[in-house]
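Participant: need a structure here:
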Amino acid sequence: MSLAKKIPANVDPGRVQHSAYNAREAWRTLEIMAEFVEGTEKLSEIQPAVSIFGSARILPGHPTYELTERIARSLSDAGFSVISGGGPGLMEAANRGAFAGRSPSVGLNIMLPHEQSGNPFQDVSQTFQHFFARKVMFVKFASAYVVMPGGFGTLDELMEALTLVQTGKTRRIPIILVGTGFWAGMIEWFRATLVQEGMISPQDMDLIQVTDDPQRVVEAIFRHYETRGFEPSPSEREAQLNL
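Facilitator: Below is the predicted model of the structure:
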């Protein structure tokens with residue numbers, strides 16, 4: 001039976017449909033809250049951790065896949081949990097490398113109509129329906145970001161991280177781009193356009209490091225924390241509560 005046949009003649013169908021939509025929105029809010037609670041409970045014991053981002057479309061056997069796997073293994077053996085998006089491509093490479101190492105391999109999966117399916121190299125796994133809840137988990141529990149070559153999704157994560165650190169909404173952490181050739185055009189555009197036009201400060205370029213060497217990734221992270229330790233300060237914890 002159609003909705004119109006169920007509604008009495010003196011009731012506006014539009015109002016009924018609007019009320020039904022509002023009810024769905026209310027339940028959606030509870031679903032979002034549940035994602036934050038479940039994610040926080042699962043990830044609270046994995047620190048220190050490093051989030052690795054990269055393309056879902058790069059297959060095993062590709063040099064960048066193998067490089068990502070080496071970096072993740074190095075980080076895992078150095079004592080860092082490795083967080084990836086949990087899917088195929090470079091996310092799988094990150095999880096695979098960490099899975100073979102000493103520390104936990106973490107996958108934050110996202111429900112998508114295409115591309116995303118969970119890879120089998122995860123010690124800790126959580127699936128999200130909402131991108132923004134998932135991105136908070138990447139930020140909240142990371143002591144560093146390692147950004148491999150990737151597309152729109154990778155750029156989205158990178159810009160989110162840069163914005164949050166630049167604006168003080170999260171603590172200053174290493175943001176390391178891997179692949180000097182891949183990132184060269186973007187870095188040059190930042191300097192020649194964003195800095196020159198006053199859209200960002202020259203000092204904002206110091207938020208980014210670029211390398212091709214897996215060992216330098218690990219060294220850069222330890223160098224950043226050698227005088228302060230990995231635990232957030234009380235003021236940094238307070239800022240993270242307001243992400």
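
Participant: residues contacting the residue nearest the centre of the chain?
Facilitator: For the chain, the residue nearest the mean C-alpha position is residue 138 (3.9 Å; CA atoms, centre = their mean). Applying CB atoms under 8 Å, 6 or more residues apart in numbering, we find residue 138 in contact with 51, 53, 83, 108, 145, 157, 161. To be clear about C-beta, it is placed using only N, CA and C from the backbone, and glycine gets the same treatment.

Participant: Look at the third one and tell me its secondary structure.
Facilitator: What that stands for is residue 83. Secondary structure, DSSP: H, G, I helix; E, B strand; the rest coil: residue 83 is strand.

Participant: Please apply the same query to the fifth one.
Facilitator: Per three-state DSSP, the secondary structure class of residue 145 is strand.

Participant: returning to what we had before: what is the most widely separated pair among the contacts of residue 138?
Facilitator: 108 and 161 (14.4 Å; CB to CB).

Participant: give me the low-pLDDT residue ranges for the chain?
Facilitator: The chain contains residues with pLDDT under 70 at 1-21, 23, 113-117.

Participant: And the strands in it?
Facilitator: Counting by DSSP state E, the chain has strands at residues 49-53, 81-84, 105-110, 124-128, 144-147, 175-178, 208-211.

Participant: related to what we said a few turns ago, nearest to residue 217 among the contacts of residue 138?
Facilitator: Looking across the contacts of residue 138 and measuring by CB to CB, the closest to residue 217 is residue 145, at 10.6 Å.

Participant: so that closest one makes contact with residue 51?
Facilitator: Yes: between residue 145 and residue 51 a contact is recorded at 5.3 Å, counting by CB atoms under 8 Å.

Participant: Overlap in contacts, these two.
Facilitator: With CB under 8 Å, 6+ apart as the test, residue 145 and residue 51 both reach 138, 157.

Participant: Give me the neighbour count for residue 175.
Facilitator: Residues within reach of residue 175, counting by other CB atoms under 10 Å, total 19.

Participant: coming back round to it: pipe the strands of the chain into CSV and attach distance to residue 63 per row.
Facilitator: Shown next, in CSV, are the strands of the chain (distance: least, CB to CB, whole Å):
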stretch, distance to residue 63
strand 49-53, 16
strand 81-84, 18
strand 105-110, 21
strand 124-128, 27
strand 144-147, 16
strand 175-178, 12
strand 208-211, 15
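
Participant: deepest of these, which one?
Facilitator: Among the strands of the chain, ranked by average contacts under mean count of other CB atoms under 10 Å, first place goes to strand 81-84 (a mean of 29).

Participant: Report the strands that pair with that one, each with its relative direction.
Facilitator: Here strand 81-84 has these sheet partners by DSSP bridges: strand 49-53 (parallel), strand 105-110 (parallel).

Participant: where do the helices sit along this structure?
Facilitator: Secondary structure of the chain (DSSP state H): helices located at 3-6, 13-43, 63-77, 90-99, 131-140, 152-166, 180-189, 214-225, 234-241.
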